[in-house]
Each structure stands twice: as structure tokens, then as C-alpha cells.
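Undergrad: let's see this in three dimensions:
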Amino acid sequence: MRSKIAASISFLFFTTVSFGQEVIRTLPEGYDPHRDKLIPDKVFEIGLPLLVIFLIANSIVNIFKIRAENRLKEKALDRQLSEETLIALFSQDKRLAKYVYLKWFLILAACGLSLVYLHFLAQFTGIRSAYLGLGIVAFFLSIAFYIYYRIIKNK
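TA: Modelled structure (predicted):
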């Protein structure tokens, strides 16, 4: 029984390895993986450390913001403000909280649309500029943020 299992595992391993080698052998001659990149390497070399720094700073700022809001609410309760003031103070966060999902939907939709647009642009025109791709993604994201701003402003 164990020999059959070992034989099956070795067959799967060698099949996978030989399949992987077959894929490598079928690449066209003169293929340059760096020529047709949609996003240049410098974006990752510079952008990822900046993204990590941004996420850490954003976390710290959000922690301080939440603590400051909680202190403000505690002080308002200690001073026994009027009911209208307390209702306005505690309900203010809930009005904009329901639009968080809309914001993320718009951001993800803009990223998806920009990637689809880049795919069709590369397929039909042959333009494969990495910086043009980043510009198109930034343009679609700016449109999404503008739509979100207009929706929030009207509410």
C-alpha cells in the first residue's frame, strides 16, 4: 500500500516538474521579460517602502484620532450637555460611515476598469508603456475619488 502511495506521489512530482520544464522550453526565442512590463521595477522599489510607511503612519494617526474622539465624548458626558448636542455629537460618525463601502467600491471599480482598459490598449494598439499604465490607473482613481467627493458633498 505504501509503495503505491509513494509511486503516485513520485509520478505527480515528476509530471509536475516535467510540465514546468515544458513550459519553459516553449517560450519564443528572443523573449525579454523586462521589455513588455506594464509596471516598472522602480515603482516597486520605491513604492512598496512608501506604502509600508504610509500604512504605519495612517494606523498611528487613526489610533490617536479614535482616542481623541472618545475623550471628547467622555468629557461631553461628564459636563452633562443638552440632549440635542449629545445626539449631534454621537450621530455625526454614523452619517458618513455608511458611505465607506461606496468609497471602496468606487476605488476597486476604478482599478478594475483601468486594468481592463490597459489590457485592451496593449492588445489593440501595441502600446506597452509602463508610465502610461501608471498614469491611466491614477486617472481612473482620481475620477473615482471625484465621484465619491461629489456624492458626499451632496449629502
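Undergrad: state the pLDDT value of residue 38.
TA: For residue 38, the model assigns a pLDDT of 63.
Undergrad: element containing the closest residue to residue 147 other than its chain neighbours?
TA: Of all residues not flanking residue 147 in the chain, residue 106 sits nearest, at 5.8 Å (C-beta to C-beta, 6 or more residues apart in numbering). Bear in mind the C-beta positions are built from the backbone N, C-alpha and C, glycine included. Assigned by DSSP states H and E, residue 106 falls within helix 100-125.
Undergrad: which stretches of the protein form helices?
TA: Under the criterion DSSP state H, helices of the chain are mapped to 2-25, 41-78, 83-97, 100-125, 130-154.
Undergrad: and these, which one's lowest on average pLDDT?
TA: Note on the helices of the chain: helix 2-25 shows the lowest mean pLDDT, a mean of 53.
Undergrad: turn the helices of the chain into CSV, including distance to residue 31 and mean neighbour count.
TA: Below are these laid out as CSV (distance: least, C-beta to C-beta, whole Å; neighbours: other C-beta atoms under 10 Å):
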stretch, distance to residue 31, mean neighbour count
helix 2-25, 11, 9
helix 41-78, 18, 11
helix 83-97, 50, 10
helix 100-125, 16, 14
helix 130-154, 18, 14
